[in-house]
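Peer 1: based on what follows, work out the 3D shape:
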Amino acid sequence: MKKGLALVLCGSMLCTMAACSSNDEASDEPCVLTVSTFQLSEDIVQSDIIKPFEEKYNCKITTDLGNAADRYTKLESNPESGIDVIELNQSTAAKGYAAGLFDKVDASRIENLNQLITPAKNMQAESGYGPAIVIQSVGIIYDKDAIGFEITSWDDLWKAELAGKVAIPDLSTTFGPSIVHIASDHKGVDIKSDNGAAAFTALEELKPNVFKTYTKSSELTNLFANGEVAVAVVGDFAVPNIKNAAPQVTYMVPESGTYANFNTIDVVASSKHKETAYAYINWRISQELQSVSSKSLNEGPTNANVKLSDEEAANMTYGSVADKAKAIDYSFVNPLLPEWTDQWNRILNR
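Peer 2: Numbers count the residues shown, from 1 in each chain. Here you go, the predicted structure:
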């Protein structure tokens, strides 16, 4: 352990007194860490997340950038690639858990775990792996003037008045599995009781209303701008761009609750810098960092102590929306995806 990092971890009671005393004589040479993360807003990530950690912990971070699927595939093909921690969406992270690519975490070494919002805390405790660093969720965005009524529930998506006016995310996207869960809820069936059978019956019933299954939020922005759709199920992160293109639309999350997507951070099993990796994870979920990054990156915070104004939180999963957000169990979903994809394509994409 390097000197700067040792002092911080000892002060946080994350290492024993014996370990601290033996490592305090270590070199002043910076510690090193390789972080695999999303290739989004790189300048903000560097200024608000990476550089403050480097300065606090006398550390040098190298980043591996790209989308979740590409970065995961690269790690899967070469587990000894030198990646120490990896940030992924929840679905992709679950593949790494099943493949044994990540360590189950020692919760006693991540002091800020007890500050997580309840859904994130429950998700981490159930999986035993790395915590959520971002929470996103799905809601309904619609043009009231175009449909002539207010939408108040998920069940409204099935109303006959919406024939040919609805867009939903494709199953292959981040929130695709949420649609299957919402459809199962519409039928009043626990999705785990029938592996989604009732959900696909509901999706057949929804088919007349579906104008488009989209794969990118930019597609949805264009659909609203051109007046081709009037209602859509959408992740909260895409709402600002849609409103810029179609200012008349309204975004809402039904009172019954929503489904969350968590971006998680995990320790790669082959990492040679696990002490530093734990410190970085603790930093990523800290109130200090997320109070800044939630605003600059428009990301729903997973630290419960982060305080945002109504304006700041307008398009985030935060407060009561976060409290009622349900996590999807991807250890259940991922094995079913080939079957679900076949049914989805036959019903909605033919």
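
Peer 1: quick one: residue 42 and residue 65 touch, right?
Peer 2: Yes - Residue 42 lies in contact with residue 65 (C-beta atoms under 8 Å); the separation is 6.9 Å. Backbone N, C-alpha and C define where each C-beta goes, glycine included.

Peer 1: now do the strands in the stretch 151-300 of the chain.
Peer 2: Residue ranges of the strands in the stretch 151-300 of the chain, as given by DSSP state E, counting those that start in this stretch, are 166-169, 210-214, 231-235, 250-252, 258-267.

Peer 1: go on, the stretch 1-150 of the chain?
Peer 2: When assigned using DSSP E, counting those that start in this stretch, the strands of the stretch 1-150 of the chain occupy the ranges 31-38, 59-66, 85-89, 132-142.

Peer 1: go through those strands and name the closest to residue 334.
Peer 2: For the strands of the stretch 1-150 of the chain, distance to residue 334 was read as C-beta to C-beta. The smallest value, 12.1 Å, belongs to strand 85-89.

Peer 1: helices or strands next to that closest one in the packing?
Peer 2: When contacts are defined as 3 or more C-beta pairs under 8 Å, 6 or more residues apart in numbering; DSSP states H and E, strand 85-89 packs onto strand 31-38, helix 68-77, strand 258-267, helix 274-284.

Peer 1: please identify the deepest-packed of those.
Peer 2: strand 258-267 (a mean of 25; mean count of other C-beta atoms under 10 Å).

Peer 1: which residues are in contact with residue 177?
Peer 2: Contacts for residue 177 (C-beta atoms under 8 Å, 6 or more residues apart in numbering) come out as 91, 171, 328, 330, 333, 337, 340.

Peer 1: give me that answer again for 6 Å
Peer 2: With contact set as C-beta atoms under 6 Å, 6 or more residues apart in numbering, residue 177 has these partners: 328, 333.

Peer 1: pLDDT at it, what is it?
Peer 2: At residue 177 the predicted local distance difference test score is 96.

Peer 1: roughly how far does it sit from residue 99?
Peer 2: Residue 177 is 19 Å from residue 99, where distance means C-beta to C-beta, to the nearest Å.

Peer 1: what do you get for residue 200?
Peer 2: From residue 200 over to residue 99 (counting by C-beta to C-beta), the distance is 28 Å.

Peer 1: all set, thanks.
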